[in-house]
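A.B. asks: using only what follows, build the 3D model:
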Amino acid sequence: SEPASGNPRLVLLFSGKRKSGKDFITDILQAKIADTAVIIRLSGPLKECYARDHGLDYQKMLSASDYKEKYRLDMITWSTTIRQADYTYFCKAAIEKYKAAEYPIWIVSDCRRETDFQYFKEIYQEKVKTVRIQASEDARAQRGWVFTPSVDDAETECGLDSIEHDVVIDNSGTEPTEKLIDSLLHLVQK
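C.D. replies: Take a look at the predicted model:
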């Protein structure tokens, strides 16, 4: 249920393929609106629990490293099992982990499944806006993306492809980053 403080005022749900620049864009947006916003990474508690349960280095799991990629497929399978029992589990855990109730603007940086959207829309309704970060395969490849079977063709990469988003941003590098951020600041200032 919603915190008594009236927070959040706005919930921005970001999605996009691997190496599309979700963290890059959300980090800049959060820096621009500073104290009023928190970044909620749904993968934060997921990776923390997975690392703990499997005796792995949690800090390395957070980076954009080969270390995380080595475990990605197993982590997807493991988290899917948990989500099938309770699709709200990682959303609730992330809200708690990042102390989101203290902030009026929530930037959920890494939605991957329809159930991620479902949870936030059920609870926060009209306060929710969805933002899709897109980037060409060339741009993603320049950032280190290589197509990986059973990852790039799975629900975690394709589950939100057919959703109609409130805002779609092309982060292929053809537009100045400031222009992309301005389109998001417009949502925040409403």
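A.B. asks: show residues contacting the helix ranked longest in the chain.
C.D. replies: Assignment by DSSP state H gives helix 66-85 as the longest helix of the chain. With C-beta atoms under 8 Å, 6 or more residues apart in numbering as the test, helix 66-85 has contacts from 46-47, 50, 53-54, 56-57, 60-62, 89-90, 113, 115, 148, 150-151, 154-156. Heads up, the C-betas are built off the backbone N, CA and C, glycines and all.
A.B. asks: and the closest residue to residue 9 other than its chain neighbours, how many neighbours?
C.D. replies: Distance criterion C-beta to C-beta, 6 or more residues apart in numbering; nearest residue to residue 9, sequence neighbours excluded, is residue 104 at 4.2 Å. Residues contacting residue 104 under the criterion other C-beta atoms under 10 Å number 17.
A.B. asks: cool, residue 169 as well?
C.D. replies: 23.
A.B. asks: need the contact list for the residue nearest the centre of the chain.
C.D. replies: With distances taken as C-alpha atoms, centre = their mean, the residue of the chain nearest its centroid is residue 110 (1.1 Å). Residue 110 sits next to 14, 15, 22, 23, 41, 42, 43 when contact means C-beta under 8 Å, 6+ apart.
A.B. asks: check residue 62 too.
C.D. replies: Neighbour list for residue 62: 44, 47, 68 [criterion: C-beta under 8 Å, 6+ apart].
A.B. asks: C-terminal to the helix or strand of the chain with the lowest mean pLDDT, what's the next element?
C.D. replies: Lowest by mean pLDDT, DSSP states H and E among the helices and strands of the chain is helix 155-158, with a mean of 77. From helix 155-158 onward toward the C-terminus, using DSSP states H and E, the following helix or strand is strand 167-170.
A.B. asks: check which element follows that next one along the chain.
C.D. replies: Counting by DSSP H and E, what follows strand 167-170 is helix 177-188.
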